[in-house]
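S.K.: please find the sequence and the predicted model below.
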Amino acid sequence: MSKPTKRQKKFSAVDRAKLYSIDEAVKLVKSNATTKFDESIDLAVNLGVDPKHADQQVRGMTELPHGTGKTLRVAVFARGDKAAEAQKAGADIVGAEDLLESMTAGKLDYDRVIATPDLMPLVGRLGKVLGPKGLMPNPKLGTVTADVKKAVESAKAGSIEFRVEKAGVVQAGVGKASFSEKQLAENIISSSAR
C-alpha cells in the first residue's frame, strides 16, 4: 500500500460516518481546495438504483443558477432562420452538411451538440462518432429542439447533464473552488432539486 499524501492526510479529518449539511460540506470542500489552479467541485450521489432496469434509469439536464465556471463550445445543426437564431444566441458553430463533414473528419472539439428535429436524419449518420463521446443530440435532454435559441442559451449559461452510472451513482460538476460558499450551495440545491 502506498503512503498517503499530505492532501489525503488532510481529508482523513473528515468523519465518513457523520452526515454533513450542505453548508458544512461546502465549507469543508472549500477549505481543502488548496491547489494552484481553480479546482472543479463535483457532486456524487449514490441513489441505490440498478440502472440495468429501464424503470430505474436516471438521466436529465438541469440549469445551475451560477453556472459551472466553464465555457462550453456549442455546435448546432440548423438551417435558415433557425441557424441565424442559433448564431445570434451564441453558438460557436452552426451548419448542416458542412458541419457533418467537419465532424466526420474528426473535428469534435465541442461540449454540446444541438440539432433541430428536421436535421436529425442527417445527424443520425454521426451516431458512431458522437455517441461514444456523449455528444449525440437527444430529445429527452433538450438537445433536439425547434427552440435552438433557448437550448444554446441554456448550454452557455451552465446547464449540466446527469446520468446514473453502473453502480447507481449520479455525478455532476456543480462549480469551481473560486465560487463563494453561497453560490456553491445554491448550485448544489438546484441540481439536487431535479
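M.R.: Cool, got the structure. Numbers count the residues shown, from 1 in each chain.

S.K.: helices and strands around the biggest helix by length in the chain, which ones?
M.R.: If you go by DSSP state H, the chain has its longest helix at helix 181-192. For helix 181-192, the elements it packs on are helix 22-31, strand 40-46, strand 59-63, strand 169-176, judged by 3 or more Cβ pairs under 8 Å, 6 or more residues apart in numbering; DSSP states H and E. In short, each C-beta sits where N, CA and C put it, glycine included.

S.K.: return the most buried member of these.
M.R.: strand 169-176 (a mean of 20; mean count of other Cβ atoms under 10 Å).

S.K.: worst mean pLDDT among the helices and strands packed on helix 181-192?
M.R.: Out of the helices and strands packed on helix 181-192, the stretch the model trusts least by mean pLDDT is strand 59-63, with a mean of 80.

S.K.: so what does the following helix or strand past it touch, helix or strand wise?
M.R.: With elements assigned by DSSP states H and E, the helix or strand that comes after strand 59-63 is strand 74-77. Contacts defined by 3+ Cβ pairs under 8 Å, 6+ apart place strand 74-77 against strand 93-95, helix 97-104, strand 112-115, helix 148-157.

S.K.: thinking again about what came up before, dump the helices and strands packed on helix 181-192 to CSV, plus distance to S154.
M.R.: Output for those, formatted as CSV (distance: least, Cβ to Cβ, whole Å):
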stretch, distance to S154
helix 22-31, 24
strand 40-46, 19
strand 59-63, 6
strand 169-176, 15
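
S.K.: picking that back up, how far does the longest helix of the chain sit from its chain's centre?
M.R.: For helix 181-192, the gap between its own C-alpha mean and the chain's C-alpha mean amounts to 15 Å (Cα atoms, centre = their mean, to the nearest Å).

S.K.: buried stuff in it?
M.R.: Q183, L184, A185, E186, N187, I188, S190, S191 (16 or more other Cβ atoms under 10 Å).

S.K.: which residues sit against that helix?
M.R.: The set of residues that contact helix 181-192 without belonging to it, under Cβ atoms under 8 Å, 6 or more residues apart in numbering, is 22-23, 26-27, 29-30, 41, 43, 45, 62-66, 160, 162, 172, 174-175, 179.

S.K.: per the record, what domains does this protein have?
M.R.: By the record's domain assignment, the chain is partitioned as 37-68+159-194, 74-157 (automatic domain parsing).

S.K.: mean confidence score for the last one?
M.R.: Mean per-residue pLDDT for domain 74-157: 89.

S.K.: from the buried residues of helix 181-192, pick the one nearest A105.
M.R.: Comparing the buried residues of helix 181-192 against A105 with Cβ to Cβ picks out S191 as the nearest, at 35.4 Å.

S.K.: spatially central, which residue of the chain would that be?
M.R.: Averaging the C-alpha coordinates of the chain gives a centre point, and the residue nearest to it by Cα atoms, centre = their mean is I160 (3.3 Å).
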